[in-house]
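>>> Structure for the following, please:
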Amino acid sequence: MSAVLPKSPHDFDPLDEALKPPINETEQDRVIRQAQEAEARRVSQAIDDSIRAEKQAQKKKGIVRLLLLGQSESGKSTTLRHFQKLYTPTAFHEERILWRSVIQLNIVRSVRTILDALSDLRLPTLDSGGEDSDDGGANIPQELEMLQMRLTPLRHIEALLIAKLIPPSEDEATSVIGSSAISAYHSQRSRSSDHSWRAQEVFVRPGATWKGALAKSTRARPVSLGTTGMQTRDEAQEVIHSCSYDIMALWNDKLVREVLRKRKIRLEESSGFFLNDLDRVTALNYTPNDDDVLRARLKTVGVSEYRCEMEAVAGRESGTEWRIVDVGGSRSQVPTWVPFFDDVDAIIFLAPISSFDQVLAEDRSVNRLEDSVLLWKAVCSNKLLANVDLVLFLNKCDILHAKLTSGIRLSKYVRSYGDRPNDMETASKYFRSKFSAIHREYSPLPRKFYGFCTTVTDTTTTAGILASVRDMVVRRHLKQSRLL
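The predicted model follows:
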């Protein structure tokens with residue numbers, strides 16, 4: 001008979017020891033203990049059954065997960081708003097009034113950008129071939145100085161709007177800008193920081209928090225009530241309305257336009273640009289329309305998920321639920337993309353091809369187009385996405401067309417473009433072929449290339465493109481579910 005070997009210290013299982021019945025357990029205690037264990041097993045089994053049933057229900061219902069990727073200011077949030085407008089129009093229209101404060105802030109910050117550019121203006125700068133002058137004092141024409149003085153109330157309005165958008169209870173209230181909006185107006189800016197206004201951009205966390213705060217402050221009510229309640233006093237709109245003629249004069253001033261041109265500040269190419277619509281958007285009874293909401297600029301940090309249900313298709317009892325995820329596009333947020341690659345059905349990647357002559361706000365040594373190309377390569381080559389459809393939006397084609405038409409040479413910034421014609425048709429074909437080649441070369445498995453030249457602020461065209469993308473994604477999803 002073989003001897004029983006003593007247990008090694010490594011064989012000790014603390015969980016097993018804890019689950020052992022007590023040494024001095026009575027018969028009555030044993031019955032109670034076994035009943036409790038049986039109840040615990042029953043509850044655990046019920047939870048497992050519930051999870052399995054939920055998964056089966058989701059599979060039967062059909063959930064499509066769509067991910068929006070691209071660098072900051074590529075048009076992801078605008079694309080998400082397009083989905084909302086197309087497929088949940090009632091909710092989209094209900095929220096339009098809430099975007100008025102965002103548009104007000106866009107206007108005020110556009111004015112601030114101009115005033116910042118003028119703050120260290122020296123006339124010799126404009127008369128010396130564009131080279132900065134070391135002369136001491138600023139020499140701004142008297143009429144511009146008067147405009148600056150009359151626009152002073154906008155300092156208070158900027159601080160007021162930021163306070164409305166960001167509730168005091170939220171931690172980002174202290175991290176939106178390094179100092180208060182008012183003190184930022186008074187701070188002295190150096191010539192080397194002409195574009196530092198971007199680093200002070202207001203951002204909010206995604207979700208309903210900022211909308212909830214605005215709904216309370218504006219007492220917004222359903223669109224079905226028409227203009228009822230719109231007579232509620234809006235201090236920001238009143239001040240902006242009173243300053244509207246001065247804002248127009250500032251924006252249309254020839255010297256101002258020259259300063260902005262020399263400093264390469266292109267407000268009209270930025271999202272949230274409304275200075276060409278001042279008559280309408282500064283009216284006291286102004287209510288944003290659909291296009292205004294799509295054009296408004298409000299930077300979000302973090303992840304935003306939007307859910308909507310498409311109409312039912314033949315052979316299915318209910319429609320397909322779409323979960324569209326918009327992730328942050330700044331360089332610091334790119335590493336957070338990977339966790340969302342799991343179980344995704346399709347990705348829309350937005351590459352703003354108009355940015356061929358721009359640099360990243362986070363790193364001014366990196367060209368924005370080059371950064372988009374590198375991101376596209378990384379997405380195409382990721383093995384987790386080998387079986388995922390990638391849809392490319394070559395975005396902001398309207399701005400690209402305007403740049404090429406104005407005489408900006410694409411070949412100056414993209415050397416491989418060579419001596420091709422400097423027109424929109426040739427440039428768009430060139431970019432499409434380049435991104436298509438990357439898709440073909442770097443994809444782990446062969447897959448079809450879907451590429452569109454887009455202007456996501458163009459409602460009609462984008463609606464057609466999104467409908468095509470929707471049909472493509474749903475068809476592939478049904479095939480994978482063996483329902484087609």
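
>>> which ones are touching Asn106?
272-274, 296-297 (Cβ atoms under 8 Å, 6 or more residues apart in numbering). Any C-beta I mention is one placed from the backbone N, CA and C, and that applies to glycine too.

>>> Quick check: next helix or strand after the worst-scoring helix or strand of the chain on mean pLDDT?
In the chain, no helix or strand scores lower on mean pLDDT, DSSP states H and E than helix 181-186, which sits at a mean of 33. Beyond helix 181-186 in the direction of the C-terminus, DSSP states H and E gives the next helix or strand as strand 203-204.

>>> Centre of the chain to that following strand, how far?
From the chain centre to the centre of strand 203-204 is a distance of 10 Å (Cα atoms, centre = their mean, to the nearest Å).

>>> Repeat that for stretch 46-58.
That offset, for stretch 46-58, works out to 34 Å (Cα atoms, centre = their mean).

>>> Please apply the same query to stretch 280-297.
On Cα atoms, centre = their mean, the centre of stretch 280-297 falls 19 Å from that of its chain.

>>> Alpha carbons only: can I get stretch 38-53 in PDB?
C-alpha atoms of stretch 38-53 as PDB (Å, rounded to 0.1, in the frame of the first residue of the first chain):
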ATOM      1  CA  ALA A  38     -28.400  25.900  -3.400                       C
ATOM      2  CA  GLU A  39     -30.100  29.400  -3.500                       C
ATOM      3  CA  ALA A  40     -26.800  31.000  -4.500                       C
ATOM      4  CA  ARG A  41     -26.400  28.500  -7.400                       C
ATOM      5  CA  ARG A  42     -30.000  29.200  -8.500                       C
ATOM      6  CA  VAL A  43     -29.400  33.000  -8.500                       C
ATOM      7  CA  SER A  44     -26.100  32.500 -10.400                       C
ATOM      8  CA  GLN A  45     -27.800  30.300 -13.000                       C
ATOM      9  CA  ALA A  46     -30.600  32.800 -13.400                       C
ATOM     10  CA  ILE A  47     -28.000  35.600 -14.100                       C
ATOM     11  CA  ASP A  48     -26.200  33.400 -16.700                       C
ATOM     12  CA  ASP A  49     -29.600  32.600 -18.300                       C
ATOM     13  CA  SER A  50     -30.500  36.300 -18.400                       C
ATOM     14  CA  ILE A  51     -27.200  37.200 -20.100                       C
ATOM     15  CA  ARG A  52     -27.600  34.400 -22.700                       C
ATOM     16  CA  ALA A  53     -31.200  35.500 -23.400                       C
END
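
>>> which helix in this structure runs the most residues?
helix 27-61 (DSSP state H).

>>> average pLDDT for that one?
In this model, helix 27-61 has a mean pLDDT of 82.

>>> One more: stretch 422-430?
94.

>>> number of nearby residues for Ser365?
Neighbourhood size, Ser365 [other Cβ atoms under 10 Å]: 6.

>>> And Ile23, by the same measure?
5.

>>> which one is Gln333 nearest to, not counting chain neighbours?
Leaving out its chain neighbours, the residue that sits closest to Gln333 by Cβ to Cβ, 6 or more residues apart in numbering is Val327, at 6.8 Å.

>>> Look up how far Ser270 lies from that neighbour.
21 Å (Cβ to Cβ, to the nearest Å).

>>> Compare the two (neighbour count), which wins?
Val327 (21 against 16).
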